[in-house]
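[1] I'd like to go over a predicted model; first the sequence, then the structure.
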Amino acid sequence: MNWGAVGAPVHGAGTRNPERVLSLATVGLALLGLLALLAPWISPYDPSAPLGLETLRLVPPGMEHPLGTDRLSRDVLSRVLHGGRVSLLVGLFGAVVSLVLGVAVGLVSGFFGGWVDRVSMAVVDVFLAFPRLVLLIVVAALFRPSPWLLVGVLGFTLWPPIARLVRAEVLSVRDRGYVHAAEALGLGRVSILLRHVLPNVIAPVVVAGTLVVGDAVVLEAGLSFLGLGMPAGVPSWGAMIYEGLADPVDSWWVSVFPGMAIVATVLCVNLLGEGLRARIGRGAGG
């Protein structure tokens, strides 16, 4: 099975112990999600409000400010926590939109075949041929930035690999005995598609969905880095990295800590996908 169409999972010793990989990834994601969820209550300061004192600009990490402050005397820890709400929610909902579109197109294309398949795959090829980042930049630049715009844009550009994966799985399922038996019993094609085909292709889709979440988080951070993501004043990991580039040596903490948050999130998501892939593969082999 080709998982490279959606992402490149990490292969290694963890593949031999998918339960451990799944546990570590689940704990990591649960911790990140909990911190983001509780950000309004556990943040020591308002993430968007300057502390107001000139002496509190670019304060290095210490006891009072564990992750330091930025050029506007805002607490970096508070901004990282609130930025996680944006990145995780946009990544999650963007992945959901892409999964819905990709699964729908892949199911219809693979099951009905013929001209439906040809037209669907032609549309997928067009989307894959067009540089994704360029499309994201164009759409984000034309419209007023908002979380739901980002969700829609990310979901609308991440679905083609999912569609290809689902189509390939449907092609391998539609000629199996239970599908022909359902047709012989007189079940409608839509009923067969939803009751017999979809449940048997959902496992790889779940794995692919975890990888799409990581892609969405990185793309959201990239757009925010370019100033095309969240509105000004809303904490975002990508925007924080850009702000820290003004003086990356003497105020390294402004960009390093949000960058570490992005790396930790994507690593946990990819480990989750790798653990699920290995577990499904082991179950299929057993």
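    Looks like it arrived, so ask away.

[2] element containing the nearest residue in space to Val105 that is not next to it in sequence?
    Among residues not flanking Val105 along the chain, Ala163 sits closest, at 4.1 Å (C-beta to C-beta, 6 or more residues apart in numbering). Any C-beta I mention is one placed from the backbone N, CA and C, and that applies to glycine too. Applying DSSP states H and E as the criterion places Ala163 in helix 147-173.

[3] show me what counts as buried in the longest helix belonging to the chain.
    Using DSSP state H to define each element, the chain has its longest helix at helix 76-112. Buried residues in helix 76-112, counted by 16 or more other C-beta atoms under 10 Å: 76-99, 101-103, 105-111.

[4] count the residues that sit near Leu31.
    Residues near Leu31, counting by other C-beta atoms under 10 Å, number 12.

[5] ignore the last one, Ala129
    8.

[6] list the contacts for it?
    Ala129 makes contact with no residue under the criterion C-beta atoms under 8 Å, 6 or more residues apart in numbering.

[7] returning to that earlier point: how near is the residue nearest to Val105 to Gly229?
    Distance of Ala163 to Gly229, given as C-beta to C-beta, to the nearest Å: 26 Å.

[8] do the same with Phe93
    From Phe93 over to Gly229 (counting by C-beta to C-beta), the distance is 14 Å.

[9] and what of Ala246?
    According to C-beta to C-beta, Ala246 stands 18 Å off from Gly229.

[10] so between the two, which is more surrounded?
    Legend: neighbour count by other C-beta under 10 Å for Ala246 and Gly229, higher for Gly229 (28 against 13).

[11] name the nearest residue to the more buried one, ignoring sequence neighbours.
    Per C-beta to C-beta, 6+ apart, closest to Gly229 is Leu223, 4.0 Å.

[12] name the element the one you found belongs to?
    Going by DSSP H and E, Leu223 is part of helix 202-225.

[13] what residue ranges in the protein score low on pLDDT?
    1-16, 281-286 (pLDDT under 70).

[14] next, name the residue at the spatial heart of it.
    Val213 (1.6 Å; C-alpha atoms, centre = their mean).

[15] show me the contacts for that residue.
    91-92, 94-95, 269 are the contacts of Val213 under C-beta under 8 Å, 6+ apart.

[16] so which pair among those residues is furthest apart in space?
    Gly94 and Val269 (12.5 Å; C-beta to C-beta).

[17] in contact with Leu77, which residues?
    Contacts of Leu77 (C-beta under 8 Å, 6+ apart): 43-44, 65-67, 257.

[18] show me which of these is closest to Asp117.
    For these, the nearest to Asp117 is Phe257 (47.6 Å; C-beta to C-beta).

[19] could you find the closest non-adjacent residue to the closest one?
    Per C-beta to C-beta, 6+ apart, closest to Phe257 is Leu67, 5.0 Å.

[20] surely Thr265 touches Val217?
    Yes - the pair Thr265 / Val217 is scored as a contact, 5.5 Å apart, by C-beta atoms under 8 Å.

[21] tell me, how many residues neighbour Leu142?
    That count, for Leu142 with other C-beta under 10 Å as the rule, works out to 9.

[22] what residues are up against it?
    So Leu142 contacts nothing (C-beta under 8 Å, 6+ apart).

[23] please report the distance of it from Gly152.
    Taking C-beta to C-beta, one finds Leu142 at 13 Å from Gly152.
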